[in-house]
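Student: Attaching a predicted model along with its sequence, questions to come.
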Amino acid sequence: MIVEMEKYTFLVYHKEYTAFLEKLREIGVVHVAHKPGGVPDDEALRTNLQLVARLKSVLKILEKRIVENQQFEKAEAADGMQVLEKVEGYLQEQEKLSQQRLVLEKEIERMTPWGSFSWERIHQLEDQGLEIRFYGCVSSKFQEEWKTQYHALEVASVNSMLYFITITAGESFELDADLLRLSPKNVVQLQEELSLLKEDYQKIDQSVTDCVKFIESIKATQHKVFESVDMRRVELNTTAEADNSVMILQGYAPTEDSGILKEKMKEDGIFYLAEKPLKEDHHVPVKLKNSKFIKPFEFIGSLYELPNYHKTDLTPYFGPFYAFFFGFCFADAAYGMLLAGVGIYFYSRVRKEMQQVMRLLIYLGVSAFVMGIVTGNFGGIELYDIKTASHWYKAVENLMLTPVKLFYASLIVGAIQVIFGQFVRAISRMKTDGFSHTISTWGWLIVVLGSVGILGLQKGGMISPEQAKIPYYIVFGIGGVCIFILNHPGHNILINIGEGLWDTYEKATGWLGDVLSYIRLFAISVAGAVLAIVFNSLATTMSGSTPVVSQLAMILILLFGHSINIFMAILSSFVHPLRLTFVEFYKNAGFVGGGKSYKPFARYKEEFKLL
Amino acid sequence: MEPIMFAYIGIAFLVGLSSIGSAYGTSIAGNAVIGALKKNPDIFGKAMVLTALPGSQGLLGFLGYFLMSPFLVPHITIFQGIAICFTGIAVGLVELLSSIRQGQVCANGASAMGNGHEVFNNTLILAVFPELYSIIAVAAAFLVSLSLGTPAM
C-alpha cells in the first residue's frame, strides 16, 4: 500500500528561515520538493560532495583494516578532518613509494646480469685512459673476433641474451649490439634501496592502520558533512519572494505524520498550506506500508522500481505468488528446511534492515519445503519411492505431483496469475480512473472466467454440451459488448470495434506467450531435483567400499554436489520468479512505475543497501 | 546403424552442446567481470551472480538427457532413436546459443557495473530473457519424451 501524502507549502520570514529549517530537520517527516527546472550550480555544495567522496573512500580503506574486537576512540577524541587529511597524506606517500618501487624493481631486473661491480673501479680505469662500454645482444649475434678486436668480455647470459663489456683505448667503433646505459648503482645497492623503501612503505602502512582507532571521528565528520549537504540542497530548493524577505519551501509529508508537523508549525507560528497532491503532480514521493507478512516482499519490488504515487502498489498481490513460485522452482523439502533454518538462525543476529530479508528467506524456505513434499523431493531422495504401510504417508503420497502433472501445474498457475493480474488491473484502474476505463478488461475477465466455469461444469458432468451452449452465448455476448462496443464510452463505435479487434489480437498472442513463460517453473524444478538425485547416486556408486575412506568420500561428494546444486537452484529460483513478476505479472496488472522514494529531510542516518 | 546409435548421437549433441554453451556463456561473463573488477573491485559479489546465470543451460541439457535416459536401452525402436536424435540436436543447439547470448548480456551488465552504473537488477531481469527459449526447448523435449510411449524392454 502506498502511504497517503500531503503537499505542504511553507512561507517563512527570511530571518527565521534557518531556525525553521533546523526545526524541520528535527521533526524529520518532510520530503522537500525539487524546484522545477533544477537548482543552480553551487560551489559550497560541490565542495561538500567532493568531501563526502573523500570521506567515503578513506572510511572504506580503514574499515577493511578493522580487526576483531578492536577498540575505537570516541568520536570527540580527534578531529575527523585532521584524521582524514593525515590518512590521505599517508596514502599519497604510499602511492609515491609504490611508483618508486616499480621503477626500482625494473632497474634491479636490468642490472641483475651485471652483478655487484664497483663503479669506482671503473672510473679509475677510465682515468687511466681506458673506455669501458656495456653491451647486450642476442647470443647468436655475438662475434668471437670482438674478443680480440675490442677486448670483449662476456659478463652474463640470461635466456637468449648475452651481456658483455668492451675495453678499448678510446678509439671509435660500432658493434651490432645494443649499447646499454647502466644505472649509477649496482644491483646490490639497488636491492638495499628497495628493502629500505619497503620498510618505509610498511611504516606508513602501519600509520594508516593506527588511524583505524579514530574511525568514529571520521564517521562523525561524515555525519556533519552529509547534514550540511542536505541542508544546502534544501536551501537551494527554496524560492525567495518579496525582495528576498519571504522564503517559500514546498514538500510532502505522510498524512499519518501531519498531526505532529502541523502542531510544531503552529507552535512556531509558521504559515503553511496543506493540500492533497493533484493527479498531475508527478513528484510526489512514495512510501510503502504493508502488513508484517507482505513487508519482506517490498525488497523484491525494490529490485525493479517503485510504483507511481497515483497508481497501485502491487507488493501485496505479487508477494504470495513470488514465494510460491520460488518454492515451485526450488521444490526440495530438505533444501527448503535448510533455507528456512538459515533464515531463523540469523533473524535475531543481523541488523534490523536485514531482518526483513531473513524473514523473506524463511517464507521462501517454507514454500520450498511444502513444494518439496508436493513434488516428492527430499535432498535428492524421491519420496514416492518410499514403500511404507503408513496411512498418513499414503495420504500425502496421493497429493504428490509427477513430472507430467507438474508440467501442467506450471501452466495452470501461470494462467491463474495472468488472470489475477487482469483483475488487479481492473480494480486498481477503477479506483484511480473510474469504471468506464475498465469495461474492456471486465469483458475479457467475463469471457475467460465464464468459459472456464462452463467448461468445468461440462467436464464435471453437471451440464451437457447442449445445455452449455446458452451460457456460452451469454458469456461471449456480454464479454463481446464490453470488449468491442463499450471499451471506450463516448467514442465512435467503429473506432471502438477497431480497437477491440486490435485488443483481441494483443490479448490472444500476449496471454499465450505469458502463460507459456511459466513453463520455466517446471523446468527449473525438475532440473534441481534431477541433479540432487544424480549427486546422491554418484556418492553411493563412486565412494568405493573401503571402510572409513568410502564414507568420507561419500560425504565429500554429497557436500560438494549438493552445495553446487543449492547455489544454482537458489539463483534460478530467485531470478526466474523475478522475471515472471516484473514482466508477465506487472504487464497484466498494469503496473505504472517511476515513483521516487520518500526521503525526508531529517537527521543523518546511515543508509543500508543490500543490493 | 542400430536405433540406439541414433539416440546416443542425439544425447551427445544434447549434453555436449549445452555444456559447451554454459562453459562459453560463463566465461564470456567471467572475462568481462575480471575487466570490470579492475575499475570497481566492489562489484565482485553481484558480478559473480551474473557470471553464474549462463550456467543453467548446462543443467537444462542434463535434464534433457535425464528425460530421455529411460529410452536408452538396446531394444529401442527406430522411431524412438530418431526422435531422440533430432530432439537432442535441436535442444543442444538452442542451449548453446542461448547460453552464449545470455553470457553476452551479463558481460555488458558487468562492464556497466564496472563503470559505476547500478544496473545489476536490470541486467538480472534482462539476462533471463534469452534463457526462456532454452527452457521452452527442454519443455518440448519433455513433451517429446511423453510422446515416445513406454521404453522398450
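Tutor: Yep, that arrived.

Student: contacts and neighbour counts: CA atoms only from here.
Tutor: Noted.

Student: Need the per-residue pLDDT for residue 22.
Tutor: Since you didn't name a chain, this refers to chain A. Looking at A:E22, its pLDDT is 91.

Student: oops, I was thinking of chain B
Tutor: 94.

Student: show me the contacts for the residue nearest to A:D79 when sequence neighbours are not counted.
Tutor: Nearest residue to A:D79 in three dimensions, chain neighbours excluded: A:S217, at 6.2 Å (C-alpha to C-alpha, 6 or more residues apart in numbering or on different chains). Neighbouring residues of A:S217 by C-alpha atoms under 8 Å, 6 or more residues apart in numbering or on different chains: A:74-80, A:83.

Student: Next secondary structure after the one helix or strand A:S217 maps to?
Tutor: A:S217 is part of helix A:215-236 when elements are defined by DSSP states H and E. Using DSSP H and E, the helix or strand that directly follows helix A:215-236 along the chain is strand A:239-241.

Student: State the next helix or strand along the chain beyond that next one.
Tutor: strand A:246-254.

Student: And the contacts of that following strand?
Tutor: With C-alpha under 8 Å, 6+ apart, strand A:246-254 has contacts from A:3-14, A:17, A:29-33, A:237-241, A:284-285, A:600.

Student: related to what we said a few turns ago, tell me how far the helix holding A:S217 lies from the chain's centre.
Tutor: 25 Å (C-alpha atoms, centre = their mean, to the nearest Å).

Student: any idea of the mean pLDDT in that helix?
Tutor: For helix A:215-236, mean pLDDT is 91.

Student: Please narrow the contacts of strand A:246-254 to those residing in strands.
Tutor: A:5-13, A:31-32, A:239-241, A:285 (DSSP state E).

Student: Would you list the buried entries among the residues you listed?
Tutor: Neighbour-count burial (16 or more other C-alpha atoms under 10 Å in any protein chain shown) applied to the ones in strands among the contacts of strand A:246-254 gives A:5-13, A:31-32, A:240, A:285.

Student: Of these, which pair is most distant in space?
Tutor: A:Y13 and A:P285 (26.8 Å; C-alpha to C-alpha).

Student: number of nearby residues for the residue in the stretch 51-200 of chain A positioned nearest to chain B?
Tutor: Nearest residue of the stretch 51-200 of chain A to chain B (C-alpha to the nearest C-alpha) works out as A:K60 at 10.5 Å. A:K60 has 11 neighbours, counted by other C-alpha atoms under 10 Å in any protein chain shown.

Student: What helix or strand is it located in?
Tutor: Assigned by DSSP H and E, A:K60 falls in helix A:43-64.

Student: Could you figure out how far that helix is turned away from helix A:215-236?
Tutor: On the basis of axes from the mean of the first three to the mean of the last three C-alpha atoms, to 10 degrees, helix A:43-64 is oriented at 150 degrees to helix A:215-236.

Student: Need the residues that contact helix A:43-64.
Tutor: Counting by C-alpha under 8 Å, 6+ apart, A:84, A:87-88, A:208-209, A:211-212, A:215, A:218-219, A:222, A:225-226, A:228-229, A:232-233 sit against helix A:43-64.

Student: Sort out which residues of it are buried, please.
Tutor: Neighbour count says helix A:43-64 has A:45, A:48-49, A:51-52, A:54-55, A:58-59, A:61-62 buried, by 16+ other C-alpha under 10 Å.

Student: And for stretch A:27-45?
Tutor: A:27-34, A:45.

Student: May I have the helix holding A:S217 as PDB, with CA atoms only?
Tutor: Provided in PDB are the C-alpha atoms of helix A:215-236 (Å, rounded to 0.1, in the frame of the first residue of the first chain):
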ATOM      1  CA  ILE A 215      37.300   5.800  12.700                       C
ATOM      2  CA  GLU A 216      34.400   7.200  14.800                       C
ATOM      3  CA  SER A 217      35.800  10.700  14.400                       C
ATOM      4  CA  ILE A 218      35.800  10.300  10.700                       C
ATOM      5  CA  LYS A 219      32.200   9.000  10.800                       C
ATOM      6  CA  ALA A 220      31.200  12.000  12.900                       C
ATOM      7  CA  THR A 221      32.700  14.300  10.300                       C
ATOM      8  CA  GLN A 222      30.900  12.400   7.500                       C
ATOM      9  CA  HIS A 223      27.800  12.800   9.500                       C
ATOM     10  CA  LYS A 224      28.200  16.600   9.700                       C
ATOM     11  CA  VAL A 225      29.100  16.900   6.000                       C
ATOM     12  CA  PHE A 226      26.100  14.800   5.000                       C
ATOM     13  CA  GLU A 227      23.800  17.000   7.000                       C
ATOM     14  CA  SER A 228      25.300  20.200   5.600                       C
ATOM     15  CA  VAL A 229      24.900  18.800   2.100                       C
ATOM     16  CA  ASP A 230      21.200  18.000   2.900                       C
ATOM     17  CA  MET A 231      20.700  21.500   4.400                       C
ATOM     18  CA  ARG A 232      22.300  23.200   1.400                       C
ATOM     19  CA  ARG A 233      20.100  21.200  -1.000                       C
ATOM     20  CA  VAL A 234      17.000  22.300   0.900                       C
ATOM     21  CA  GLU A 235      18.300  26.000   0.800                       C
ATOM     22  CA  LEU A 236      18.800  25.700  -2.900                       C
END
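
Student: Now do that helix against strand A:246-254, angle only.
Tutor: Using the same axes, to 10 degrees: helix A:215-236 against strand A:246-254 is 120 degrees.

Student: Buried ones in helix A:215-236, by neighbour count?
Tutor: A:215-223, A:225-236.

Student: Pull the helix or strand of chain B with the lowest mean pLDDT out as PDB, backbone CA atoms only.
Tutor: Lowest mean confidence among the helices and strands of chain B (mean pLDDT, DSSP states H and E): helix B:44-52, at a mean of 85. Extracted in PDB, the C-alpha atoms of helix B:44-52 (Å, rounded to 0.1, in the frame of the first residue of the first chain):
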ATOM      1  CA  PHE B  44      32.500  -9.000  -7.200                       C
ATOM      2  CA  GLY B  45      29.500 -10.400  -5.300                       C
ATOM      3  CA  LYS B  46      26.900  -9.100  -7.700                       C
ATOM      4  CA  ALA B  47      29.100  -9.800 -10.700                       C
ATOM      5  CA  MET B  48      29.600 -13.400  -9.600                       C
ATOM      6  CA  VAL B  49      25.800 -13.900  -9.700                       C
ATOM      7  CA  LEU B  50      25.700 -12.600 -13.200                       C
ATOM      8  CA  THR B  51      28.500 -14.900 -14.200                       C
ATOM      9  CA  ALA B  52      26.700 -18.000 -12.800                       C
END
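
Student: Off-centre distance for it?
Tutor: A distance of 18 Å separates the centroid of the chain from that of helix B:44-52, by C-alpha atoms, centre = their mean.

Student: about what we covered before: pLDDT at the residue of the stretch 51-200 of chain A closest to chain B, what is it?
Tutor: pLDDT, read off for A:K60, is 90.

Student: got the phi/psi numbers for the residue located most distally from the centre of chain A?
Tutor: The outermost residue of chain A relative to its centre, with distances by C-alpha atoms, centre = their mean, is A:Q128 at 73.3 Å. Backbone torsions for A:Q128, taken as degrees, to the nearest 10, come to phi -80, psi 0.

Student: Repeat that for A:D178.
Tutor: Dihedral angles for A:D178 - degrees, to the nearest 10 - are phi -80, psi 120.

Student: What's the separation between it and A:F142?
Tutor: Distance, A:D178 to A:F142, by C-alpha to C-alpha, to the nearest Å: 11 Å.
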